[in-house]
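S.K.: Need coordinates for the below:
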Amino acid sequence: MRLSTMHDCICDRIQKVDRSIRYVGLANKMGTRIEDHYRNGLDPLLKEDELDLSALESALRMNLRCNIQHKLGKPLYSFTLYEKVKRVTIPIYDGDYQILMISFDLDVENEYVILEKVLSLLKKANILILPNMKITC
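M.R.: Reported below is the predicted structural model:
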């Protein structure tokens, strides 16, 4: 499977786990967007250049978190509540170190979707290895 096809498949599968997911994107460790998926019929809140900046900022913040992982352990995900959307950033620990960015509608119980649906899907696909965290599969 080509890398771009794999990225597309990951984003597509995550997009389908819950209808509250507005956006799924992958960026590399430098914050360059690799793949984006929007919910059908959605009017994006960010323009392309704003999305580029947002991915760069997300990668930078996740890289900073990783600087203290020797004390606290690896970050599993980061959550931000905005006035118009909920946003989660999940580090993907592979050779290329990527970040997964997901935005949700405001009215969703996002922790359930993140832990029981998204992280479980990533774990089943051997994309995310979380040895000390119990996630139902």
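S.K.: CA atoms for contacts and neighbours, from now on please.
M.R.: OK.
S.K.: which phi and psi does Tyr77 have?
M.R.: phi -170, psi 160 (degrees, to the nearest 10).
S.K.: scratch that, Asp18
M.R.: Residue torsions, per degrees, to the nearest 10, at Asp18 are phi -160, psi 140.
S.K.: okay, now it: neighbour count?
M.R.: Asp18 has 16 neighbours, counted by other CA atoms under 10 Å.
S.K.: Likewise for Asn28?
M.R.: Counted with other CA under 10 Å, residues neighbouring Asn28 total 19.
S.K.: just Cys11 next, same as before
M.R.: Cys11: 22 neighbours (other CA under 10 Å).
S.K.: if I pick it, what's in contact with it?
M.R.: For Cys11, the contact set (CA atoms under 8 Å, 6 or more residues apart in numbering) comprises 24-26, 35-37.
S.K.: Apply 10 Å and report the result again.
M.R.: By CA atoms under 10 Å, 6 or more residues apart in numbering, the contact set of Cys11 is 5, 23-26, 35-38, 100-102.
S.K.: Among those, name the buried ones.
M.R.: Using 16 or more other CA atoms under 10 Å as the burial test, those include 23-26, 35-38, 100-102 as buried.
S.K.: Flag the shaky bits of the chain, pLDDT-wise.
M.R.: For the chain, the stretches with pLDDT under 70 are 1-8, 94-97, 128-137.
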